[in-house]
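> Below are the sequence and a predicted model for it; my questions follow.
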Amino acid sequence: MMSDITIEAFREFDSKFRKTYDDLGIKHLLEYDFQGENSGQYICRIENKTNIHPLPYSIFKIHDEFDFITKDIKYITGLLYLLRPYINNTYEDRGYYHQTNEDHRYLMFANFGLQSIYNFWDRLGDLLFLFFETGLNHDHVYFGRVMNNMPSQWKQTQSYLDLKSLYDQEVKSFLDIRHEAVHHFQLECKFYWGNVEFQNDLNKLKELNEEKASYPEKMKSSLDNCVKAFKLTIDLICELPDK
């Protein structure tokens, strides 16, 4: 059982850690304003819209899932900013890589962040699937497929165009990193072996370490994109006729 001293140490850390959110302006979904409403109120706009498939859960449960995922991304983003000053830089160390514990945790949490961002966009695909005829089976529902299979009349709306542009231009390439981490090599293995493979190529090492150091900003930007996508998804569903 966790001792009182241990839990107090955690709470003290957590209290100080939360200042990172304030300093960097990192927020989860429910902390954003949507035209004078919070996200829980905003999603209620789709309650009276015509859906293709029965909603398996309440609108409030669906909203909370979105919010909980963004809370995870928020926490991970803050940790990455906190840990980054202490990670290894094999370019500066000319290929030497005696990994610090902070470096290990940094890459571990970056992996978690990639998965959480994928989860958010996957849930957006699930929500759109409930309201638009796509011809997809439920087990083939992914955000990109749903968008590609939307009926043509809805592809002309500004909400659809903005959502697709956001995904194609700012999100898809980041999710490709997640695909690599899940299906081939996690980030820790990628950067360890990148150091081995490019130890005699300082330009490659510099590029590798710059990518490694960029994850806090990438995660923060991805969190902002999740919030933008949530609003655009609700706006797109609101284009549908009422029940």
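It's in.
> quick check: mean pLDDT across the helix or strand harbouring R18?
When elements are defined using DSSP states H and E, R18 is found to belong to helix 4-24. Within the predicted structure, the mean pLDDT of helix 4-24 is 84.
> which residues sit against it?
When contacts are defined by CB atoms under 8 Å, 6 or more residues apart in numbering, helix 4-24 is touched by residues I26, K27, K74, T77, G78, L79, Y81, L82, K220. Where you see a C-beta, it was placed from the backbone N, CA and C, and this is true even at glycine.
> Give me the buried positions along it.
With burial defined by 16 or more other CB atoms under 10 Å, the residues of helix 4-24 counted as buried are T20, Y21.
> elements contacting the very next helix or strand once past it?
Proceeding C-terminally, helix 4-24 gives way to helix 39-43 as the next helix or strand, assigned by DSSP H and E. For helix 39-43, the packing partners by 3 or more CB pairs under 8 Å, 6 or more residues apart in numbering; DSSP states H and E come out as helix 59-83, helix 215-237.
> Low-confidence regions, the chain specifically.
Counting by pLDDT under 70, the chain contains low-confidence residues at 1-3.
> what's the angle from the longest helix along the chain to helix 215-237?
In terms of residue count, the longest helix belonging to the chain (DSSP state H) is helix 101-131. In terms of direction (axes from the mean of the first three to the mean of the last three CA atoms, to 10 degrees), helix 101-131 departs from helix 215-237 by 10 degrees.
> coming back round to it: could you dump the contacts of helix 4-24 into CSV with distance to E170 and neighbour count added?
As requested, the contacts of helix 4-24 are arranged in CSV below (distance: CB to CB, whole Å; neighbours: other CB atoms under 10 Å):
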residue, distance to E170, neighbour count
I26, 18, 23
K27, 18, 16
K74, 18, 22
T77, 16, 27
G78, 21, 22
L79, 23, 21
Y81, 20, 19
L82, 25, 18
K220, 13, 19
